[in-house]
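Chemist: Okay, sequence plus prediction incoming.
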Amino acid sequence: QVQLVESGGGLVQAGGSLRLSCAASGRTISSYRIGWFRQAPGKEREFVGSALRIGGSTYYPDSVKGRFAISRDNAKNTVYLQMNSLKPEDTAVYYCAASLYSGGNSVSDFGSWGQGTQVTVSS
């Protein structure tokens, strides 16, 4: 089982950028399909992007497409979520998740989760 630890969250003004990191241990992150999710208070956990194991194709919902980008650094066993043009509605706890299997982008499709990192975007 891979262990995941997110970092890089914080407070940023609207229009700003943050880069979140998801450091993996116990297994090689390149073996996993990666998902990023977020959860705002009182709301369900929401998919914000995924990256395939092979080929590196990425997928994003319309709410973040063109603003968020996932990348991997296999040498550091780390995955990143670059977030640009941030909006107050992006405020949430952000989680990375991993799956050994191909599948959908719902919460139940990922078996390993980090503890989350808080992102707050002020207006």
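Modeler: Alright, I've got the coordinates.
Chemist: only C-alpha atoms for contact and neighbour calcs from this point on.
Modeler: Noted.
Chemist: quick one: residue 14 and residue 120 touch, right?
Modeler: No. With contact defined as C-alpha atoms under 8 Å, residue 14 does not count as touching residue 120 (9.4 Å).
Chemist: list residues touching both of the two?
Modeler: With contacts defined as C-alpha atoms under 8 Å, 6 or more residues apart in numbering, the residues adjacent to both residue 14 and residue 120 are residue 88.
Chemist: And those two? Which one has more around it.
Modeler: residue 120 (20 against 17; other C-alpha atoms under 10 Å).
Chemist: Which other helices and strands does the strand or helix carrying the more buried one contact?
Modeler: Using DSSP states H and E, residue 120 sits in strand 117-122. Contacts defined by 3 or more C-alpha pairs under 8 Å, 6 or more residues apart in numbering; DSSP states H and E place strand 117-122 against strand 10-13, strand 92-99.
Chemist: Tell me which residues are up against the first one.
Modeler: I take that to be strand 10-13. 18, 86, 118-123.
Chemist: make it 10 Å
Modeler: Applying C-alpha atoms under 10 Å, 6 or more residues apart in numbering, the contact partners of strand 10-13 are 18-20, 85-88, 91, 117-123.
Chemist: Buried only: go through those residues for me.
Modeler: Among the contacts of strand 10-13, those classed as buried by 16 or more other C-alpha atoms under 10 Å are 18-20, 86-87, 91, 117-122.
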